[in-house]
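[1] I need the structure of the sequence given here:
(2 chains)
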Amino acid sequence: MIKRLKKINKAKIFIGFASICGFLLFWYLGTAYTEVGKVMASPIDLFWRFLQSAYEPIGPHTIWGHLLSSISRVMMGFALASVCGILLGLVMGSSPLGEAIARPLFELLRPIPPIAWISIAVLWFGLGEMAKYFIIFLSGFFNITINIYTGAKAVDQELIGAAKMLGCSDRKIFTTIVLPSSVPYIFTGLHIALSSSWAAVVAAEMVRSTDGVGWLITQGMGISDTSQIMVGILSIGVVGFILSSIMRGVEAKLCAWSRVEKS
Amino acid sequence: MCLEPSREIMTNSVIKCENVSKQFYSDGEMVQVLEDISLEARENEILVIFGPGQCGKTTLLKAIAALEPATGGTITINGKKKTKPGPECGLVYQTIALFPWLTTMGNVEYGLKVKGMGKKERRERANKYIKLVGLEGFEKSFPIQLSGGMKQRVGIARVYCNEPDVMLLDEPFGHLDAQTRYLMQEELERIWQTEKRTIIFVTNNMEEAIYLADRIIVLTNCPAKIKQEFKVDFPRPRNITDPEFLKLRKEITGILDPLE
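    This next block holds a predicted model:
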């Protein structure tokens, strides 16, 4: 049986809770008693605005609709990036020829931040969804590829030797050794990529769009509505956190072998 | 425990090394690691290769396994020349080298699985060897959940289950603490008594060598050459305080090169 460490540190939870409360109090006092605070929504206002946005549309949708469009954009670009990134990463990591061809080009393109591609994306794909998918794709693709490439390269040569001595053919080395031992790296790549895709969708939507959380923020700026901006910002934080948690959950299940505690 | 001393050791040799040598270039200088090594291991015997640390024992094993082929001489297993790694040699690593993403069962049945044996049959066979090494109840544990000694039991079962012609054990207990090491030596002997195999066992520990061996081949320090061969014919299980044990120990110590 896999025995997971389930010791909950009560003191830690309490301190974490107190820290968030402290931050909200500081925020509240700032908006209530300082000059600068006047242009900022207080946490209480924001809370009501948040609830309101759940049933009252801002622009075309309620907050749910905006989140849904943003998330579906991320999923589209992220899925594309995952497939391409895993394939390229494995090819680069396990074939010297593939590495020689793809590595230099890859290293040249990798440092370019996805945001820098926005103008080109708009020129190529117009202002529609394709440009956004492209930006999200780029922000995920390089992260995934580099992690999987590292993982496939880092396969313990001794394990490959052990597999061969147990009668494994060269073809099966890939499926039974290289692939499973890269799984933790694949997940690290996917995890980072999901976070950066989520960041990229907001940037892409802020450039030009008619809905989504990025739109919520730029539109709020246009009409000087700080609480709308804050609703956008906070929902980015919450959704990012949820996506990340889901990813960690799946990872904990699939990579149990690399991090379970001794029983 | 009473074990009959009259076990069958066949006289036909399973593995034969003839004039095996190995050299490689390092910084433009030629380094000779193995020099003119000829030896044979007979069916169902435990042949111990004993030598000082870093003398080239592991290099010799890897040459026999064809993981890092020798540069001179020939190695044959059951009359067939050995040129590439394959299942006729089973290697138990000093570093254990289990597949960390597979459970005990997954590791032990791996060799059978890649050979295409059906699930029911391979499970049955793997179970038999898991039992033999004393790991019943740990079939579903991942290597990270096992102690060092248990991991090496899995390593031994994995090779046993694959039924190689010869098993190569490369200082398999070198990383274990002293107490576990003694226990594992006894365990290995018990496992081998239950199901005989041809074993080449590499070690730098003299007590381990005398405890386990039918024959001991003592190597010189780098380059490794065969210094002398000893036959160990007193009955098993042996006791480190037996006069015969101590006598042989003294004899082997007497021929060793002084270490600088």
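[2] what count of nearby residues applies to residue 78?
    This is for chain A. By the criterion of other Cβ atoms under 10 Å in any protein chain shown, A:Phe78 has 28 neighbours. Placement of C-beta: from N, CA and C, glycine included.
[3] switch to chain B, please.
    Count around B:Asn78 with other Cβ under 10 Å applied: 15.
[4] point out the residues in the stretch 1-150 of chain B that sit beside chain A.
    Contacts of the stretch 1-150 of chain B with chain A, taken as Cβ under 8 Å from any Cβ of the partner chain, map to B:65, B:67, B:85-87, B:89-91, B:93, B:95, B:97, B:99-102, B:110-111, B:114-115, B:140-145.
[5] buried subset of these?
    Those of the residues of the stretch 1-150 of chain B next to chain A that meet the buried threshold are B:65, B:67, B:85-87, B:89-91, B:93, B:97, B:99-102, B:110-111, B:114, B:141-145, by 16 or more other Cβ atoms under 10 Å in any protein chain shown.
[6] which of those residues fall within strands?
    Taking DSSP state E as the definition of strands, these contribute B:89-91.
[7] what stretches of chain B score poorly on pLDDT?
    Chain B contains residues with pLDDT under 70 at B:1-11, B:258-260.
[8] returning to that earlier point: mind checking which of the buried ones among the residues of the stretch 1-150 of chain B next to chain A are in helices?
    Using DSSP state H, the subset of these located in helices is B:110-111, B:114.
[9] grab the most central residue of the chain for me.
    All of this is about chain A. In chain A, the residue lying closest to the centroid (Cα atoms, centre = their mean) is A:Ser195, at 1.6 Å.
[10] um, chain B though
    Closest to where the C-alpha atoms of chain B average out (Cα atoms, centre = their mean) is B:Leu169, at 2.1 Å.
[11] so it sits against B:Val92, correct?
    Yes - using Cβ atoms under 8 Å, B:Leu169 makes contact with B:Val92 at a distance of 4.5 Å.
[12] run through who's touching the strand or helix carrying A:Trp257.
    Assigned by DSSP states H and E, A:Trp257 falls within helix A:256-259. Here helix A:256-259 makes contact (Cβ atoms under 8 Å, 6 or more residues apart in numbering or on different chains) with A:2, A:184, A:252, B:100-102, B:142-144.
[13] between the residues you listed, which sits nearest A:Lys172?
    Checking the contacts of helix A:256-259 against A:Lys172 by Cβ to Cβ gives B:Leu102 as the nearest, at 13.9 Å.
[14] end to end on stretch A:47-64, go ahead and measure it.
    Stretch A:47-64 has an end-to-end distance of 16 Å (Cα to Cα, to the nearest Å).
[15] starting at the chain centroid, how far to that stretch?
    Put simply, stretch A:47-64 sits 24 Å off its chain's centre (Cα atoms, centre = their mean, to the nearest Å).
[16] pull out the buried residues from it.
    Applying 16+ other Cβ under 10 Å to stretch A:47-64 flags A:49-50, A:53, A:58, A:61-63 as buried.
[17] inside helices: which ones of those?
    Those of the buried residues of stretch A:47-64 lying in helices (DSSP H): A:49-50, A:53, A:63.
[18] right, and B:Gly90 touches B:Asp170 too?
    No - under the criterion of Cβ under 8 Å, B:Gly90 makes no contact with B:Asp170, lying 11.2 Å away.
[19] setting aside sequence neighbours, what's the nearest residue to residue 164?
    By default, I'm working from chain A. Nearest residue to A:Lys164 in three dimensions, chain neighbours excluded: B:Pro85, at 4.4 Å (Cβ to Cβ, 6 or more residues apart in numbering or on different chains).
[20] oops, chain B please
    Per Cβ to Cβ, 6+ apart, closest to B:Pro164 is B:Gly90, 3.6 Å.
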